[in-house]
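> Give me a model of this one.
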Amino acid sequence: SSSSSSSSTTTTLPTSSAPCSLKHEPPSSPDADEFLPRTKGGRRALSKDKKAIDVMGIGLSDLREEMVELGQRPFRADQLWKWVFQKGQYDVAAMTDIAKAARPSLARLFRPRPPFEAEPSLSEDGTRKWLLRLEDGRSVESVYIPGWFLHDESGETRRRGAVCVSSQVGCTLKCSFCHTGTMDKRVLRNLRVSEIVAQVMHAKSDLGDWDHEDVYAHKKVTHVVFMGMGEPLYNYHNVRSAIRILTENDGLRLSKRRITLSTSGVVPGIYKMIEDDLDVLLAISLHAPDNDLRSQLMGINRQFPIEDLLDACVAFGSRPSKRITFEYTLLNGVNDSLEHARKLVEMLSARQIHSFVNLIPFNPWPGSAFEPSSNNRVHAFHKVLEDINDPLVRSAVRWPRGRDIGAACGQLATDATSAASVLG
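Residues are numbered from 1 along each chain as shown. Take a look at the predicted model:
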């Protein structure tokens, strides 16, 4: 096929054997257990059996309040918190600076461990994926992507690595190129705060990433990206709470500049991020340079078209150092022509958005009708973006990581066994 096409040409998408739907409402809860009940201190992080409070689902200030309400001394909250979030210790009996007499009651009232069982997979390129079996029988996946090494001003080598976390079981958006959207809609739900935070905690434990004084110098987990299963802005309140826990100064101390939230384009959610000053990095799943094609690929574009989405991006990017990442999956013969590349960079340049375009070769999954663009087409598309020479628009190719274990971008989905365990 040709490497360019006319802008007036209508693209016909291949037919997929996977189920497809344009429904994109936030998932509703079948019962009250799916969402966290409120308390005076915010959202009470009750575990599934309601017998204990999930430490990974509650902020430090709220944990102090809960301690007092449950008849415990407030400083016990700080002790418990530091053991969990600074040392990765989940066994209360092993928390040696807590009085022995106090440990049994704390272990009964609070649960510091992750609320799931994990099954790991290791890619030949070092990427790790965990299948996380939740307490209600559902399951999600999270991924660790080992990164690169940098030399700081002192000449010391610093490691980089990201945990890709999920925010929902499945996804209602059903984007045509994403495996997550093929999951049985009857098992969809929002993840609790503890289920989100625990993905990072479990990754650090599995990687042996706790015993480092410097928060970044030698750590394996330096970044968190909300790019796993689900639409984060359809679980906004729990994602926001999780981010606040991950960035607590007395805990993991992750910088907000090292956390990226990726959205398919939920425009009201982007404005809510601005209103709440949720000062993390923003990534937009764009994947097309015009409304016609994007609406074919992503049903959400019918509700929030590109013009409205870019307006929200301009507002978000108006703050200092707010470069926005635009994710663009290259689908062979669908959105990868030179004309598509020119339209993409012209669109971003016209809005003067401080942009970074991540070009992502499509990662195949069972039942998908798409094919990845050839390396020649990927490089040709990238060259168009580079040749524009707009200082506001930078770009790179994100070559696949973890493809052999189904951990690459767009491949995450849990199998039918998890649905069967939930649905009976």
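> OK, contacts around the residue nearest to H340 when sequence neighbours are not counted?
Nearest residue to H340, sequence neighbours excluded (CB to CB, 6 or more residues apart in numbering): P289, at 5.5 Å. (C-beta placed from N, C-alpha, C; glycine too.) When contacts are counted by CB atoms under 8 Å, 6 or more residues apart in numbering, P289 touches N335, H340, K343, L344, M347.
> how about 6 Å then?
Listed by CB atoms under 6 Å, 6 or more residues apart in numbering, the contact partners of P289 are H340, K343, L344, M347.
> Return the distance of the one helix or strand the last one maps to from the chain's centre.
With elements delineated by DSSP states H and E, M347 resides in helix 338-351, which encompasses its position. Relative to its chain's centre, helix 338-351 lies at 26 Å (CA atoms, centre = their mean, to the nearest Å).
> Give me the mean pLDDT for it.
What helix 338-351 shows for mean pLDDT is 96.
> Same question for stretch 250-267.
Mean pLDDT, computed over stretch 250-267, is 94.
> List the buried residues for it?
251-252, 254, 258-267 (16 or more other CB atoms under 10 Å).
> Check the separation of the first and last residues in that stretch.
33 Å (CA to CA, to the nearest Å).
> likewise stretch 113-126?
26 Å.
> sorry, back to before: may I have the secondary structure class of the residue nearest to H340?
coil (DSSP: H, G, I helix; E, B strand; the rest coil).
> one step back: and the angle for the helix or strand following the helix holding M347 with helix 338-351?
The helix or strand immediately downstream of helix 338-351 is strand 355-361, counting by DSSP H and E. Counting by axes from the mean of the first three to the mean of the last three CA atoms, to 10 degrees, strand 355-361 points 160 degrees away from the direction of helix 338-351.
> Packing partners of the following helix or strand past strand 355-361?
For strand 355-361, the following helix or strand on the C-terminal side (DSSP H and E) is helix 375-387. Here helix 375-387 is seen to pack against helix 338-351, strand 355-361, strand 393-397 when contacts are counted using 3 or more CB pairs under 6 Å, 6 or more residues apart in numbering; DSSP states H and E.
> Would you mark the buried spots in helix 375-387?
R377, V378, A380, F381, H382, V384, L385.
> related to what we said a few turns ago, with distance to A118 as new columns, can the helices and strands packed on helix 375-387 be given to me in JSON lines?
Output for the helices and strands packed on helix 375-387, formatted as JSON lines (distance: least, CB to CB, whole Å):
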{"stretch": "helix 338-351", "distance to A118": "38"}
{"stretch": "strand 355-361", "distance to A118": "26"}
{"stretch": "strand 393-397", "distance to A118": "31"}
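> OK, contacts around H179?
W365, Q411, A413.
> Apply 7 Å and report the result again.
W365, G410, Q411, L412, A413 (CB atoms under 7 Å, 6 or more residues apart in numbering).
> filter these to the buried ones?
Going by neighbour count (16+ other CB under 10 Å), the contacts of H179 have W365, G410, Q411, L412, A413 buried.
> Kindly provide the distance from T182 to L412.
Applying CB to CB, to the nearest Å, the value for T182 to L412 is 11 Å.
> What segments of the stretch 1-150 of the chain are strands?
Under the criterion DSSP state E, counting those that start in this stretch, strands of the stretch 1-150 of the chain are mapped to 38-39, 42-43, 53-54, 110-111, 116-122, 128-134, 139-151.
> Could you identify which of those has the lowest mean pLDDT?
Lowest mean pLDDT of the strands of the stretch 1-150 of the chain: strand 38-39, a mean of 32.
> From the contact counts, what lies against the helix holding M347?
Judged by 3 or more CB pairs under 7 Å, 6 or more residues apart in numbering; DSSP states H and E, the packing partners of helix 338-351 are helix 375-387, strand 393-397.
> now the ones you listed in a markdown table, with mean pLDDT and distance to A94?
Below are the helices and strands packed on helix 338-351 laid out as a markdown table (pLDDT from 0 to 100; distance: least, CB to CB, whole Å):
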| stretch | mean pLDDT | distance to A94 |
| --- | --- | --- |
| helix 375-387 | 96 | 50 |
| strand 393-397 | 94 | 44 |
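> Now do the nearest residue to K343 once chain neighbours are set aside against D404, distance only.
Distance criterion CB to CB, 6+ apart; nearest residue to K343, sequence neighbours excluded, is P289 at 3.8 Å. From P289 across to D404, the span is 31 Å (CB to CB).
> that older thread, which one of the contacts of H179 is nearest to L310?
G410 (22.9 Å; CB to CB).
> tell me the helices in the protein, going along the chain?
For the chain, the helices defined by DSSP state H cover 60-69, 75-87, 103-109, 193-206, 236-246, 267-275, 291-297, 306-317, 338-351, 375-387, 416-423.
> So which residues make contact with the fourth one?
I take that to be helix 193-206. 36, 43, 45, 54, 56-57, 88, 114-116, 118, 120, 130, 132, 134, 142, 144, 163, 165-167, 210, 221, 224, 238-239, 241-242, 245-246.
> are any of those buried, and which?
Buried among the contacts of helix 193-206 (16+ other CB under 10 Å): 36, 43, 45, 54, 56-57, 88, 114-116, 118, 130, 132, 134, 142, 144, 163, 165-167, 221, 224, 238-239, 241-242, 245-246.
> Most tightly packed of the helices and strands packed on helix 375-387?
Among the helices and strands packed on helix 375-387, ranked by average contacts under mean count of other CB atoms under 10 Å, first place goes to strand 355-361 (a mean of 22).
> Please name every helix or strand in contact with that one.
strand 324-330, helix 375-387, strand 393-397.
> any chance of those in TSV, plus distance to C313?
Shown next, in TSV, are the helices and strands packed on strand 355-361 (distance: least, CB to CB, whole Å):
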stretch	distance to C313
strand 324-330	5
helix 375-387	17
strand 393-397	13
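> In the chain, where is pLDDT below threshold?
Where the chain drops to pLDDT under 70, the residues are 1-50, 148-159, 212-218, 319-321, 415-424.
> Pull the contacting residues for the residue most central in space within it.
Geometric centre of the chain, nearest residue: F226, 1.4 Å, by CA atoms, centre = their mean. Contacts for F226 were tallied using CB under 7 Å, 6+ apart; they are V165, S167, P232, V239, T260, L261, S262.
> I figured the third one hits T263, correct?
Yes - taking contacts as CB atoms under 7 Å, P232 lies within contact range of T263: 6.2 Å.
> sorry, back to before: mind putting the contacts of P289 into TSV with distance to D311?
Formatted as TSV, the contacts of P289 follow (distance: CB to CB, whole Å):
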residue	distance to D311
H340	22
K343	18
L344	17
M347	13
